[in-house]
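[1] Any chance you could fold what I've pasted below:
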Amino acid sequence: MSTHHETGTVTGVSASESSPSGQRDNMAWLLRQFADDTPGVTHAVLLSRDGLRLLDSDVDKDWADELSAAISGVASLASNITGPSHKKRPARQVIIERDDCLYFVQSAGRSAAFDKTPGAERGEVETILAVVATTDADVGSVGFEMGRLVSKFAPYMKIPVRVGTSGDVR
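    Residues are numbered from 1 along each chain as shown. Coordinates of the predicted model:
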């Protein structure tokens, strides 16, 4: 069984040297650990920018596929809103509050681990992290832990999302 470290090294092999299949396995492990260890989080899905489920934390596959398609639309809307600077800029995070759950949406970088996925450009896929949490989850803590997860994904990304020291995604 693989040993996972925050440094991105798995059993002595750096993430960039491992196969796409190995990279996906490592990322899936990190995603499941995040969902298991983060208070209030019930589900997590890594999806492509065009709405295809790439990985999930043992979520019902039909619901994860439906969620991925919807979250892709939310991320697209958020990135196309012109701000006070009159420029379109990607949203760092989107939070949707419902009566039954909270949805968190955050960009997770561009990865070659999913090079065979439809829509992959030059063998790379832009990814989005979607998280479902209980309504009483600590929004700040979930957002912070999402930033930490995205930074742990960085070794598996061609173009990682930059995460500041406070956990803010840039």
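
[2] Tell me the buried residues in the helix or strand where Glu145 lies?
    Assigned by DSSP states H and E, Glu145 belongs to helix 139-153. Buried residues in helix 139-153, defined by neighbour count with 16 or more other Cβ atoms under 10 Å: 142-143, 145-153. C-beta coordinates here come from the backbone N, C-alpha and C atoms, glycine included.

[3] same deal with stretch 84-93?
    For stretch 84-93, the neighbour count (16+ other Cβ under 10 Å) marks 91, 93 as buried.

[4] What are the contacting residues of that stretch?
    Applying Cβ atoms under 8 Å, 6 or more residues apart in numbering, the set of residues contacting stretch 84-93 from outside is 75, 78-83, 104-107, 143, 146, 168-170.

[5] top of these by neighbour count?
    Of the contacts of stretch 84-93, Met146 is surrounded by the most neighbours, 26 neighbours in total, counting by other Cβ atoms under 10 Å.

[6] Report the separation between that residue and Val41.
    To Val41, Met146 is 9 Å away according to Cβ to Cβ, to the nearest Å.

[7] Now Trp29: which helix or strand?
    For Trp29, the host element (DSSP H and E) is helix 20-37.

[8] Show me what secondary structure element comes after that helix.
    Downstream of helix 20-37 (by DSSP H and E), the next one is strand 41-48.

[9] Which elements pack onto the following helix or strand past that following strand?
    Sequence order places strand 53-56 as the next helix or strand after strand 41-48, per DSSP H and E. Contact partners of strand 53-56 among helices and strands, from 3 or more Cβ pairs under 8 Å, 6 or more residues apart in numbering; DSSP states H and E: helix 20-37, strand 41-48, helix 61-79.

[10] outside of the longest one, which residues touch it?
    Meaning helix 61-79. Residues contacting helix 61-79 (Cβ under 8 Å, 6+ apart): 43, 45, 47-53, 56, 59, 88-91, 94, 96, 103, 105, 107, 128, 130, 132.

[11] Quick check: phi and psi on Val59?
    Main-chain dihedrals, Val59, degrees, to the nearest 10: phi -90, psi 150.

[12] Use 28 as the first number from now on
    With the count now opening at 28, the last piece we talked about shows up as Val86.
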